[in-house]
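# show me the folded form of this:
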Amino acid sequence: MEKKILYGTLGGAVAGTIVSMAIYMGLFGSMAEQWMAEHGACLKEMNTTWWFVSAIVHGLLYSLLFHKMGINTLKIGAVTGAWVALLIALFMGISMASTYTAYPWDWLPLDILGNTVASAAAGAVIGWIYSKVK
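Now for the predicted structure:
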């Protein structure tokens, strides 16, 4: 069980990070640059160590959740990952958009989409790993 969760955590963290980088730095890159120009005063320099720690925590959350739910296929992992992320991102996004001017409402659908797709990829990888590791 521990090996399964460890591999799922690492696989989910790597997959989610790669896909989120492609989305936020690639597809939404010009929008992110515009946002940074408008709201850059509220930013500090990103600490990549803590960014990786957050990816590991995300992978661990999904690995533990999937283990408890008995998810062990790529497809079910992707669907479950997408649903969980959609609900968490919707909750957090609405909360942030209603509270902070640096999180505008027009960014909300894109953020929800990005988080959902990245988490579906992480969930798919975790489900696939769970199908292979016994």
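
# in the chain, which spans are helices?
When assigned using DSSP state H, the helices of the chain occupy the ranges 2-21, 29-39, 48-69, 74-99, 108-132.

# deepest in the core, which of these is it.
Each of those was scored by mean neighbour count; the highest is helix 108-132, a mean of 22, by mean count of other Cβ atoms under 10 Å. In this view, the C-beta of every residue, glycine as well, is placed from N, C-alpha and C.

# how far does it sit from its chain's centre?
Between the mean C-alpha location of helix 108-132 and the chain-wide mean there is a distance of 7 Å, by Cα atoms, centre = their mean, to the nearest Å.

# over to stretch 11-28?
Here the centre of stretch 11-28 is set off from its chain's centre by 8 Å, with Cα atoms, centre = their mean.

# sorry, back to before: least reliable of the helices of the chain going by mean pLDDT?
Per-segment mean pLDDT for these reaches its minimum on helix 29-39, at a mean of 75.

# who touches it?
Tyr24, Met25, Leu43, Thr101, Ala102, Pro104, Trp107, Leu110 (Cβ atoms under 8 Å, 6 or more residues apart in numbering).

# Leu60: what's it in contact with?
Applying Cβ under 8 Å, 6+ apart, the residues near Leu60 are Ile5, Thr9.

# let's see that with 7 Å instead.
With contact set as Cβ atoms under 7 Å, 6 or more residues apart in numbering, Leu60 has these partners: Thr9.

# okay, now the nearest residue to Leu113 once chain neighbours are set aside: neighbour count?
Closest residue to Leu113 apart from its sequence neighbours, by Cβ to Cβ, 6 or more residues apart in numbering: Ile23 at 8.0 Å. Neighbour count of Ile23, defined by other Cβ atoms under 10 Å: 19.
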